[in-house]
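**Student:** From the sequence below, what's the structure:
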Amino acid sequence: MRVQIITSDTSLSPFGADELSSILELVNQLQESAQDTDSPHCTCVIARFMHYFCRAKYYNFCGLPCARLDADKCVYKEITSFHPLTSSLSFALDAMLFWAPQAHLDDLRRVWVDKCLNSPRWKDYNAKLMAEWTGITIYSTVMLAVNVSFLAVPNVNISTSQSIGVIAIYLSIISITGSMVISVLLVRQNQRYGCESADKAGDFLYSMTDTLFGDKALATVNSLPYAMLMWG
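**Tutor:** Predicted coordinates for the structure are as follows:
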């Protein structure tokens with residue numbers, strides 16, 4: 001299992017490399033303790049670890065011809081449905097948001113495969129989102145300060161020939177402010193659910209994607225800070 005994690009980016013392990021090292025060290029200590037006394041505590045701890053590994057084998061159909069070999073591969077046949085209205089709206093929204101929803105959708109589908117979550121990949125995915133939204137918040141703050149300082153120039157007046165530029169700055173301020181507000185809200189939400197267990201995170205994702213647009217809706221929401229910053 002440790003070799004797979006080190007040599008592959010799509011490991012099926014329910015634990016990361018550091019966690020596996022800690023588990024191995026703990027199991028070695030438990031074996032030494034079990035040789036001296038028959039401790040129910042040692043049996044309980046090992047059973048809990050085996051529960052996670054056996055559940056991962058079950059979800060990935062280990063030992064069967066259709067077994068999942070990579071964490072981002074689907075073992076079920078994907079059902080593709082085409083609806084003219086939703087497909088047209090989705091394409092138009094993608095274009096308006098600079099194709100950011102599609103990029104987030106691809107990342108989400110590599111993590112949430114067959115409605116199942118792999119804990120290390122879920123944590124890496126949330127860390128990536130946090131880094132993106134935090135960077136957008138910092139950049140938005142700088143852009144907002146620049147726009148406000150430009151409006152503070154005495155010669156800038158909306159009644160003059162510069163009215164088009166001033167209106168564009170106001171629109172930019174609205175867009176950038178929206179990007180900042182959405183980024184802060186998403187960061188707060190990610191802090192609540194990003195560190196949850198895979199089971200609770202799976203329930204959260206299912207509740208967020210149980211709509212007409214499915215996981216596309218969640219990907220669109222995650223891409224709003226970037227898209228609104230680009231419009232600003």
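**Student:** where's stretch 208-217 relative to the chain centroid, distance-wise?
**Tutor:** Here stretch 208-217 is found 15 Å from its chain centre; the criterion is Cα atoms, centre = their mean, to the nearest Å.
**Student:** With only the CA atoms kept, save it in PDB.
**Tutor:** Below are the C-alpha coordinates for stretch 208-217, written out as PDB (Å, rounded to 0.1, in the frame of the first residue of the first chain):
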ATOM      1  CA  MET A 208     -25.100  19.900  -2.900                       C
ATOM      2  CA  THR A 209     -25.400  18.100  -6.200                       C
ATOM      3  CA  ASP A 210     -28.900  16.700  -5.800                       C
ATOM      4  CA  THR A 211     -30.300  19.200  -8.300                       C
ATOM      5  CA  LEU A 212     -31.300  19.400 -12.000                       C
ATOM      6  CA  PHE A 213     -27.700  20.300 -13.000                       C
ATOM      7  CA  GLY A 214     -26.100  17.700 -10.700                       C
ATOM      8  CA  ASP A 215     -22.400  18.200  -9.900                       C
ATOM      9  CA  LYS A 216     -22.200  20.900 -12.600                       C
ATOM     10  CA  ALA A 217     -24.000  23.300 -10.100                       C
END
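**Student:** Let me see the mean pLDDT of that stretch.
**Tutor:** Average pLDDT, stretch 208-217: 78.
**Student:** do the same with stretch 133-150
**Tutor:** Averaging pLDDT along stretch 133-150 gives 89.
**Student:** now do stretch 72-91
**Tutor:** 74.
**Student:** Quick one: end-to-end distance for that stretch.
**Tutor:** Start and end residues of stretch 72-91 are separated by 25 Å (Cα to Cα, to the nearest Å).
**Student:** correct me, but Ser223 touches Pro101?
**Tutor:** Yes. Between Ser223 and Pro101 there is a contact under Cβ atoms under 8 Å: 4.6 Å. From N, CA and C alone the C-beta is placed, and that goes for glycine too.
**Student:** Tell me which of these two has more neighbours.
**Tutor:** Pro101 (25 against 22; other Cβ atoms under 10 Å).
**Student:** Contacts for stretch 71-80 next, please.
**Tutor:** 10-12, 60-61, 66-68, 109-111, 113-114, 118, 121 (Cβ atoms under 8 Å, 6 or more residues apart in numbering).
**Student:** Enumerate the positions of it that are buried.
**Tutor:** If you call a residue buried by 16 or more other Cβ atoms under 10 Å, then stretch 71-80 has these buried ones: Ala71.
**Student:** Equivalent analysis for stretch 112-132, please.
**Tutor:** 112-113, 116-123, 125-126, 129, 132.
**Student:** what's the spacing between Ile138 and Cys116?
**Tutor:** Separation of Ile138 from Cys116 (Cβ to Cβ, to the nearest Å): 34 Å.
**Student:** one step back: most neighbours among the contacts of stretch 71-80, please name it.
**Tutor:** Each of the contacts of stretch 71-80 was scored for neighbours by other Cβ under 10 Å, and Asn118 scores highest at 25 neighbours.
**Student:** picking that back up, which one of the buried residues of stretch 112-132 is nearest to Leu24?
**Tutor:** Pro120 (15.9 Å; Cβ to Cβ).
**Student:** what sits against the closest one?
**Tutor:** So Pro120 contacts Ile5, Ser11, Ser13, Pro14, Phe15, Gly16, Glu19 (Cβ under 8 Å, 6+ apart).
**Student:** of all those, which two lie farthest apart?
**Tutor:** For those, the farthest-apart pair by Cβ to Cβ is Ser11 and Glu19; their separation is 12.0 Å.
**Student:** want to throw the buried residues of stretch 112-132 into TSV with secondary structure and distance to Ile174?
**Tutor:** Shown next, in TSV, are those (DSSP: H, G, I helix; E, B strand; the rest coil; distance: Cβ to Cβ, whole Å):
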residue	secondary structure	distance to Ile174
Trp112	strand	33
Val113	strand	38
Cys116	strand	40
Leu117	strand	36
Asn118	coil	39
Ser119	helix	39
Pro120	helix	39
Arg121	helix	36
Trp122	helix	34
Lys123	helix	35
Tyr125	helix	30
Asn126	helix	29
Leu129	helix	24
Glu132	helix	22
